[in-house]
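Enquirer: got a predicted structure here, sequence first:
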Protein chains: 2
Amino acid sequence: MEDVARLAGVSRALVSIVYRDAPGASDATRARVLAAGKELGYRPDHRARLLGRTRTRLLGVTFDVRAPFHGDLVEALYSAAEAAGYDLALSAVAPSRAEPRAVQSLLDYRCEALILLGPQLSPSALSALAESQPVISIGRNVRAAGVDVVRTDDVAGSRLAVEHLLSLGHTSILHIDGGKTPGATERRTGYRKAIRHAGFEAHVQPGGRTEADGADAAKTFLNEPPPVTAVTLFNDRAAMGFLDTIRQSPLEIPADLSVVGYDNTAIAASSHLNLTTVAQNTTALATQTITTAHARLTGTPPTSPVVIPPTLVPRCTTAPPR
Amino acid sequence: MEDVARLAGVSRALVSIVYRDAPGASDATRARVLAAGKELGYRPDHRARLLGRTRTRLLGVTFDVRAPFHGDLVEALYSAAEAAGYDLALSAVAPSRAEPRAVQSLLDYRCEALILLGPQLSPSALSALAESQPVISIGRNVRAAGVDVVRTDDVAGSRLAVEHLLSLGHTSILHIDGGKTPGATERRTGYRKAIRHAGFEAHVQPGGRTEADGADAAKTFLNEPPPVTAVTLFNDRAAMGFLDTIRQSPLEIPADLSVVGYDNTAIAASSHLNLTTVAQNTTALATQTITTAHARLTGTPPTSPVVIPPTLVPRCTTAPPR
DNA sequence: AACATCTACTAGAGCGCTCTAGTCACGAGC
DNA sequence: GCTCGTGACTAGAGCGCTCTAGTAGATGTT
């Protein structure tokens, strides 16, 4: 910075003014400083810049590197954060890198708030974190003091899936659940409510959130086929595994069995899978998350939880029963 | 820090010493300082700490949030970086966030080196970046001045796939390629060499890197089935899409058609897919990348390109031809 | 007793920025 | 002719840390 100032024949303060686009420099000087900066390959040091200010405008995000849906969400968060003048620091959660580890590294970078995608931490651990900075849980409806939640209305989402199947004429529908994954309880509940409301019986089979879980569920299903004509699954990944396995059996989809996923991941949308699914509104989730974080940071009490309505995306894995 | 020092009755410098685990503090004082820090919830500011030092020990990583293989690699990079005393800054590349954008944000954080997973930037753009700091391309064998490359020996990988099929008795093998994706040329070449070396004819069908590309390739394949008994695909994602579509046809896998993927992603490994595939050694790739970065940063000329041998993982999608 | 050598600690500069409080020149207004 | 306002610019402190140089006191050595 010193060098740039010298080359442009001005003070360091003026260089700062120019690079911040702040008022107080003539157009001629501005151009001269920028030219000097370019020549020397100068870039302001983001860290040093932040040091002096109280606000860092840095939001920390933990995400699971293996979850496609988290990828979609991260992308949406980037846009939303940028629009609100925030910067994002990513920290991956993976089998060899547990959530507390990911969170600690964000804390070291002085993030103003923590955005956790489907956190697996205990409510008490989350509350403890929330004592030092705002914490927002996306997707998991956790009840922990000080922790804000932004999530999809999963009860409504499951209901949408069931109602879609009912409207096609199905009366016997199975739900393969997500076990203990965040959101699994709500999706199960939504399914049960919708089925009972229609006057039919609920059938729930234990499942999980990975392709392997879906495939296992399909094997169990094929072993002793329950008398159902349709299945709703916890998410698209499980639905993929389920479909893969079912397709190796004589059962035709959707003729013999309709299948509905959840999340509307890019793979579900791709022409070969063409999975009927429930779409979470990632844009709205991201925007609301940033809004909530901003509110907390500026002292406005945010409305929490924020619940975003999902939508049904009918594709080719659902049809009227035979 | 000031507060901690006051509470513990010592100077700021001593607090620094204690938190850096540096010599020069008695055990008693050490304990007293840590206790004071804990009481006040003190965490050293990572940014300020780095300000004073020339080295930041921060490595910037760009990755594609949609590529499962990048997820595996990021995880391995975290471990390798930690072992070498480096920290990682992640920056995602996504449809709405192009690579130059992702790189810029890393530069703002004063990363000492740039690690780019399968970069799509032009060689000249990469060279320009390499002028200001070390740049390492993982996976893409780019020839650009100053840019180091760490990659899997993809020619050998494709050869492994072909030789595996040959050893099972296949003589007519199709390769569905990855188009312009980094690595696609090498994998195509490896296939061609191995086939010709065995005295058979090479058949290449254009493909791509996504599930949808694989599914499209399968449709083309089914439309006018070429006289082959086995297929090698550019990667696991394409293989997934391919398999999905083939399974909806009367063709049995592996009885009628053997299929080999590439990358050994978690999904390929999962019991329901059980895809025979070529495994890239992510641990070695990550370790070599960090080693290369470290060498560049400490002035030692690194050996570049680093080429890691892949291995074949035989699973259930390959069998002798009928 | 005089000196060297430790260990345990502190003062203060410096990292690359931003921000506050100025200075200075110039023109408008009375 | 004087003040006053304004635009363009600068000096220097301060952000939270680390590092160098140094001090004070205990211990060992001759």
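Expert: That came through, no problem. These numbers come from a predicted model, not from an experiment.

Enquirer: tell me which parts of the stretch 101-250 of chain A are close to chain B?
Expert: Neighbours of chain B within the stretch 101-250 of chain A, by CB under 8 Å from any CB of the partner chain: A:105, A:107-110, A:131-132, A:210-212, A:214-216, A:218, A:241, A:243-245, A:247-248. (Glycine included, C-beta is placed from N, CA and C.)

Enquirer: which among those count as buried?
Expert: A:105, A:107-110, A:210-212, A:214-216, A:218, A:241, A:243-245, A:247-248 (16 or more other CB atoms under 10 Å in any protein chain shown).

Enquirer: of those residues, which belong to helices?
Expert: Filtering those for membership in helices, criterion DSSP state H, returns A:105, A:107-108, A:211-212, A:214-216, A:218, A:241, A:243-245.

Enquirer: just the residues you listed now: which is nearest DNA strand C?
Expert: Using CB to the nearest atom of the strand, A:Asp108 is the member of these that sits closest to DNA strand C, with 16.5 Å.

Enquirer: what residues does the closest one make contact with?
Expert: For A:Asp108, the contacting residues are B:Arg43, B:Pro44, B:Asp45, B:His46, taking CB atoms under 8 Å, 6 or more residues apart in numbering or on different chains as the criterion.

Enquirer: go again with 6 Å.
Expert: If you count contacts by CB atoms under 6 Å, 6 or more residues apart in numbering or on different chains, A:Asp108 has them with B:His46.

Enquirer: show me where chain A has helices.
Expert: Read by DSSP H, chain A holds these helices, from start to end of the chain: A:2-8, A:12-19, A:27-40, A:46-52, A:68-83, A:99-108, A:123-132, A:154-168, A:184-197, A:211-223, A:236-246, A:266-269, A:282-298.

Enquirer: list the buried residues in the fourth one.
Expert: The neighbour-count check on helix A:46-52 (16+ other CB under 10 Å) flags A:His46, A:Arg47, A:Leu50 as buried.

Enquirer: these also near chain B: which ones?
Expert: Among the buried residues of helix A:46-52, proximity to chain B is found for A:His46, A:Arg47 (CB under 6 Å from any CB of the partner chain).

Enquirer: mind putting the ones in helices among the buried ones among the residues of the stretch 101-250 of chain A next to chain B in CSV, pLDDT included?
Expert: Output for these, formatted as CSV (pLDDT from 0 to 100):
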residue, pLDDT
A:Ser105, 90
A:Leu107, 90
A:Asp108, 85
A:Glu211, 89
A:Ala212, 89
A:Gly214, 95
A:Ala215, 92
A:Asp216, 94
A:Ala218, 96
A:Gly241, 90
A:Leu243, 91
A:Asp244, 84
A:Thr245, 88
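
Enquirer: closest to B:Leu257 among the residues you listed?
Expert: Checking these against B:Leu257 with CB to CB, the nearest one is A:Asp244 at 16.0 Å.

Enquirer: so how far is DNA strand D from the closest residue to the closest one other than its chain neighbours?
Expert: In this structure, A:Asp244 finds its nearest non-sequential neighbour in B:His272, 5.2 Å apart by CB to CB, 6 or more residues apart in numbering or on different chains. Counting by CB to the nearest atom of the strand, to the nearest Å, the separation of B:His272 from DNA strand D is 49 Å.

Enquirer: what sits against B:His272?
Expert: Taking CB under 6 Å, 6+ apart as the contact definition, B:His272 lies against A:Ala215, A:Gly241, A:Asp244, A:Thr245.

Enquirer: between those, which sits nearest A:His164?
Expert: Within these, proximity to A:His164 (CB to CB) peaks at A:Gly241, which comes in at 21.5 Å.

Enquirer: my read is that that closest one contacts A:Ala215, right?
Expert: Yes: at 3.7 Å, A:Gly241 counts as touching A:Ala215 under the criterion of CB atoms under 6 Å.

Enquirer: and whatever residue of the stretch 101-250 of chain A ends up closest to DNA strand C, its phi and psi?
Expert: Nearest to DNA strand C, among the residues of the stretch 101-250 of chain A, is A:Arg110, at 13.1 Å (CB to the nearest atom of the strand). The phi and psi values for A:Arg110, taken as degrees, to the nearest 10, are phi 60, psi 50.

Enquirer: out of everything not next to it in sequence, what's closest to it?
Expert: Of all residues beyond its chain neighbours, the one nearest A:Arg110 is A:Thr56 (5.2 Å), with distances taken as CB to CB, 6+ apart.

Enquirer: let me see the contact set for that neighbour.
Expert: Contacts for A:Thr56 (CB under 6 Å, 6+ apart) come out as A:Leu50, A:Arg110, A:Glu112.

Enquirer: again, 10 Å this time
Expert: With contacts defined as CB atoms under 10 Å, 6 or more residues apart in numbering or on different chains, A:Thr56 is in contact with A:46-47, A:49-50, A:86-87, A:89, A:109-112, B:45, B:47.

Enquirer: hmm, which two among the residues you listed are most spread apart?
Expert: In the contacts of A:Thr56, two members sit farther apart than any others by CB to CB. They are A:Tyr86 and B:Asp45, at 18.7 Å.

Enquirer: against DNA strand D, how distant is the residue nearest to the spatial centre of chain A?
Expert: Against the mean C-alpha coordinate of chain A, by CA atoms, centre = their mean, the closest residue is A:Leu73 at 3.9 Å. Between A:Leu73 and DNA strand D the distance is 31 Å, computed by CB to the nearest atom of the strand.

Enquirer: do the same with A:Asp213
Expert: Here the criterion is CB to the nearest atom of the strand. By it, A:Asp213 lies 43 Å from DNA strand D.

Enquirer: verify the stated contact: that residue with A:Ile176.
Expert: Yes: with contacts counted by CB atoms under 10 Å, A:Asp213 reaches A:Ile176, the gap being 8.5 Å.
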